[in-house]
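> Pasting the sequence and the predicted model now:
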Amino acid sequence: MSLSLFILGSLADENSHPYKLKKRLLESLPIDKMSEGKFYYNFEALQKKGLIEPVETIQKENRPNKTLYAITYAGRQFLEQEIYNSFKNVSRIEDLYISIYLLKYVDSVKAAFFLEDAIDQEKKRWAKYREAKNKEEFKRQLELLDVKQQEAVQFISKHAFSQSDENIRWMEKLLTFLQGMDK
């Protein structure tokens, strides 16, 4: 969905053609590469849903035609709602890159409210994992594994917990950032 959000947010600023938006995306955000098919598929899907529409075809001699697209009223409503949804349902900060980039289209206080709830949910979820890891049942299951598998489980667990801690720290920094935007 984040690619669709980027397209909608970009068209909310100005009418444009797909190639220009793809170039802007790759220049603006830390994205290594993106397939042509995926990008153009998102344009088609947004058009079929009535969220964007072609508004003009530019013809230049010895060049392929360029179709300019605009966001529709339904597209603007969808954009706003999906940005809020991304803050409601976040578990990894990377999943919010596009929504953070498009914050100008939403109320930062409302986004902060959703993010605060998501942080609480994420903390509870990982607390349950930590609690389960310390229970006797988990320890008995671990003892059934051979030594190499036990070491692998420990290695994976350490990584998962450190990643979750780092994600939560960044989500809390983002919350502070959102709360500061309203001042």
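That came through, no problem.

> okay, now the domains of the protein?
For the chain, automatic domain parsing gives the domain ranges 2-101, 107-181.

> export these to CSV and tack on mean pLDDT?
Converted to CSV, the domains of the chain look like this (pLDDT from 0 to 100):
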stretch, mean pLDDT
domain 2-101, 87
domain 107-181, 91
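
> Give me whichever of those is most buried.
domain 2-101 (a mean of 16; mean count of other C-beta atoms under 10 Å). Glycine gets a C-beta too; all of them are placed from N, C-alpha and C.

> Run through who's touching the host helix or strand of Ile98.
For Ile98, the host element (DSSP states H and E) is helix 97-101. Helix 97-101 is contacted by residues 2-3, 5-6, 9, 28-30, 83, 86-87, 111, 174 when judged by C-beta atoms under 8 Å, 6 or more residues apart in numbering.

> How far does it sit from its chain's centre?
7 Å (C-alpha atoms, centre = their mean, to the nearest Å).

> do the same with stretch 49-59
25 Å.

> try stretch 110-117
15 Å.

> For that stretch, output the C-alpha coordinates as CSV.
What follows is stretch 110-117 as a C-alpha-only set of coordinates in CSV (Å, rounded to 0.1, in the frame of the first residue of the first chain):
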residue,chain,number,x,y,z
LYS,A,110,-4.6,12.5,15.3
ALA,A,111,-1.7,10.5,13.7
ALA,A,112,0.2,10.7,17.1
PHE,A,113,-2.9,9.4,18.9
PHE,A,114,-3.0,6.3,16.6
LEU,A,115,0.7,5.8,16.9
GLU,A,116,0.7,6.0,20.7
ASP,A,117,-1.9,3.2,20.8
